[in-house]
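> Coordinates only, no sequence provided:
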């Protein structure tokens, strides 16, 4: 073998020049066609494991499902649709329903009980719905991480299966209160008197949507509002955020 390797090579003189040129062009074409893919494959191999780990961690951290309930006639609560888009951008599953579908949504949540944290958000009659939905889920022992009513039409008691209630309202008669066995965090945010805020615009305020989005992300990432945590009740009327 060594003797063979030691002999001067003359193979480049055996092939006709035209064949050599065709071979070179073909080889160059292959490199051009596969080069970018080869580079991407190499780079992908170097980063596949970290990306997979990040993806798995993100998936684990965002198993929450947010159910958003519209109010009357599906036309006055489009802030729920806007919030659903904002939430989905963070990799959290969000679905929008009419308040009349409350019982069907409760059944869906019960069927998906092991799929992660539940977050309920609603406006107007949808706000009433998320409070009664939380109470229905309490009766079957299903925890709820966060409930956010936007300007409901009545006051409701937060049941013991709810970790956090963030009630955003522009009138005091629909403040939420602690129910029997409630050990979570209850906040009533009164935005009455804020310019441009009324019953039909409260759910569309970018500042209030930002406040709710922050609470949803915290609940989904286990930073707060964890069901079953025996924390002291914190019921307060918060000052309106600057709008």
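Here it is on my side, so go on. Not measured: the values here are computed from a predicted model.
> Pull out the buried positions in the host helix or strand of residue 95.
When elements are assigned from DSSP states H and E, residue 95 belongs to strand 93-98. For strand 93-98, burial by neighbour count (16 or more other CB atoms under 10 Å) applies to 93-94, 96-98. No exception for glycine: its C-beta is placed from N, CA and C like everyone else's.
> Check stretch 199-213 too.
So, applying 16+ other CB under 10 Å, buried residues of stretch 199-213: 199-200, 202-205, 208-209, 211-213.
> for stretch 128-142, same thing?
Applying 16+ other CB under 10 Å to stretch 128-142 flags 128-138, 142 as buried.
> looking at this structure, which helix or strand is least sure?
When each helix and strand of the chain is scored by mean pLDDT, DSSP states H and E, helix 2-6 comes last, with a mean of 37.
> what helix or strand does residue 129 sit in?
helix 125-139.
> After that helix, heading C-terminal, what element do we hit next?
strand 144-150.
> Can you tell me which helices and strands the helix or strand following that following strand packs against?
Counting by DSSP H and E, the next helix or strand C-terminal to strand 144-150 is strand 157-158. Counting contacts by 3 or more CB pairs under 8 Å, 6 or more residues apart in numbering; DSSP states H and E, strand 157-158 packs against helix 125-139, strand 177-178.
> Distance to residue 89 and mean pLDDT added to the ones you listed, as a markdown table?
Putting these into a markdown table (distance: least, CB to CB, whole Å; pLDDT from 0 to 100) gives the following:
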| stretch | distance to residue 89 | mean pLDDT |
| --- | --- | --- |
| helix 125-139 | 21 | 98 |
| strand 177-178 | 33 | 97 |
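> which one of those lies closest to residue 83?
helix 125-139 (11.4 Å; CB to CB).
> Packing partners of that closest one?
strand 65-70, helix 102-111, strand 118-123, strand 144-150, strand 157-158.
> In a markdown table, list the ones you listed along with distance to residue 224 and mean pLDDT.
Below are the helices and strands packed on helix 125-139 laid out as a markdown table (distance: least, CB to CB, whole Å; pLDDT from 0 to 100):
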| stretch | distance to residue 224 | mean pLDDT |
| --- | --- | --- |
| strand 65-70 | 15 | 97 |
| helix 102-111 | 21 | 96 |
| strand 118-123 | 12 | 97 |
| strand 144-150 | 9 | 97 |
| strand 157-158 | 15 | 98 |
